[in-house]
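# Provided below are the primary sequence and the corresponding predicted coordinates.
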Amino acid sequence: MLGADVEFGIFVQGYVPAHRASADPEAEHHALLEETEYVIQADACGFKYAWASEHHFLEEYSHLSANDVYLGYLAHATSRIHLGSGIFNPLPQVNHPVKVAEKAAMLDHLTGGRFEFGTGRGAGSHEILGFLPGITDMNHTKAIWEETIAEFPRMWLNDTYPGFQGEHWSLPPRKVLPKPYGGSHPAMWYAAGSPASYAMAARKGLGVLGFSVQKVSDMEWVVDSYKTAVRDAEPVGGYVNDNVMVTTTAICAETGEQARRIAVEGNLNYLQSLLFRYHDTFPRPDGIPRWPELLPDYTPELIDLLIAEELLICGDPDEVLAQCKRWEAAGADQLCFGLPVGVPYQDTLTTIRLIGEHVVPKIDTDPVHRTTRFRQTARAR
């Protein structure tokens, strides 16, 4: 099996909660710049991937809307880590597909082939209806995305794009420039929020960005079904990106007691409440209150329960290593940590450093990125 080691990543989104903004008039500015430092530190600490969101209108939850600009900065500020769009929204009502193809290829050049092309359809009704007012079925965006996704490799790999006439957008024959760096094209990913989405991504040869993952045990059968389906993929791109990335929150400190204290004081319930406020197309577990009512504050007992239920990675380096190995056993290809969770800046940098020192080298022993191997194979063909 290609690249069997679990790889590690981080995810940033421009989280600016109201309680931070009320205490700091420049909270938005500080949050965005601090999160660039998380990526730079992750690069230095051996993480292989960093993903940056594209969200619109989601106050507090995510102020990172122009992630192409953000990743362009990070292209120059980092050297080894792969930089991914988590996501670019390619719906023509949001971003014209040609402009998306151009930005992806430009980032591929600026990073020297380190760009990862993740796409999706938007976070939920509040975001989607800002661009597609009047629709009543959120699944309407699926048909638009399906019509669009296969056109990106055609834009990248053909000297002249032969043009497109679809139901939702069209383009006459044109040269779409620049072309991606070094032949082939960036690995293609899809942000999946349900088992059906995982299966669809597998059939199209796309990697999965699992931003809606819950506990490890709930993921095992979903990963297994993806791995079964991807064997018979008919890729929309130049190669199959057989890859499942899953996200979870991680807090690592010198002692387990310190890590748990940071978790209790991190207002984790607020971010989780915002997630359910905006991601209303995700499955909603029983007992989740409706905004503006919040989930209860996280107590020490609840933090211990979340750790035991494998819903939170938290502890000293040895504990975190054991928890990450559970994801490895579940079949994940990449374990990505959502770090902007209200935890203080220095504590977040400590989490990245300790995981880089004590966890990453013991699990990810392959010096080459999994997507690089797929891309190299495609170039050789």
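Yep, that arrived.
# Is D286 part of a helix or strand, or is it coil?
Counting by DSSP: H, G, I helix; E, B strand; the rest coil, the backbone at D286 sits in coil.
# Near it, how many residues? Count them for me, please.
As a burial measure, D286 scores 4 neighbours (other C-beta atoms under 10 Å). For the C-beta atoms, the positions are set from N, CA and C on the backbone; glycine is no exception.
# For it, give me the pLDDT.
The model reports D286 with a pLDDT of 86.
# Over to G3?
Value for G3, per-residue pLDDT: 46.
# so what's the nearest residue to L271 once chain neighbours are set aside up against?
Nearest residue to L271 in three dimensions, chain neighbours excluded: V341, at 5.4 Å (C-beta to C-beta, 6 or more residues apart in numbering). By C-beta atoms under 8 Å, 6 or more residues apart in numbering, V341 lies in contact with 15, 249, 251, 266-268, 271.
# again, only this time at 6 Å
249, 266, 268, 271 (C-beta atoms under 6 Å, 6 or more residues apart in numbering).
# Of those, which is the nearest to A143?
L271 (31.5 Å; C-beta to C-beta).
# what about that closest one, which SS state?
Three-state assignment for L271 (three-state DSSP): helix.
# Tell me the spacing between the residue most central in space within the chain and W51.
Using C-alpha atoms, centre = their mean, the residue of the chain that lies closest to the mean C-alpha position is G86, 4.1 Å off. Separation of G86 from W51 (C-beta to C-beta, to the nearest Å): 3 Å.
# And for T299?
Taken as C-beta to C-beta, the span from T299 to W51 is 30 Å.
# Please identify which of those two sits among more neighbours.
Neighbours were counted for T299 and for W51 using other C-beta under 10 Å; W51 has more, 29 against 10.
# Quickly list what the more buried one is bridged to.
F11, G84 (DSSP bridges).
# check contacts around it.
Neighbours of W51 in contact, by C-beta under 6 Å, 6+ apart: 11, 84, 86.
# right, and the last one touches G118 too?
The one in question is G86. Yes - in this structure G86 lies within contact range of G118 using C-beta atoms under 6 Å: 4.9 Å.
# Counting neighbours, what do you get for the closest residue to G237 other than its chain neighbours?
Once flanking residues are discounted, G237 sits nearest to P153: 4.4 Å by C-beta to C-beta, 6+ apart. Residues near P153, counting by other C-beta under 10 Å, number 20.
# contacting residues around P153?
185, 237-238.
# Adding neighbour count, write those residues out as JSON lines.
Shown next, in JSON lines, are the contacts of P153 (neighbours: other C-beta atoms under 10 Å):
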{"residue": "H185", "neighbour count": "25"}
{"residue": "G237", "neighbour count": "24"}
{"residue": "G238", "neighbour count": "19"}
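# Now, those that are in helices?
Secondary structure defined by DSSP state H assigns none of the contacts of P153 to helices.
# just curious, which of those residues is nearest to V222?
G237 (22.4 Å).
# close enough to count as contact, that closest one and M188?
Yes - in this structure, G237 is within contact of M188 by C-beta under 6 Å, at 4.9 Å.
# just the contacts of P153 now: which is nearest Q346?
H185 (38.8 Å).
# Next up, identify which helix or strand the nearest residue to the closest one once chain neighbours are set aside is on.
Excluding the flanking residues, the one nearest H185 by C-beta to C-beta, 6+ apart is W156, at 4.5 Å. Secondary structure from DSSP states H and E places W156 in helix 151-157.
# so what strands line up beside whatever helix or strand comes next after that helix?
Using DSSP H and E, the helix or strand that directly follows helix 151-157 along the chain is strand 164-165. According to DSSP bridges, strand 164-165 forms sheet pairs with strand 170-171 (antiparallel).
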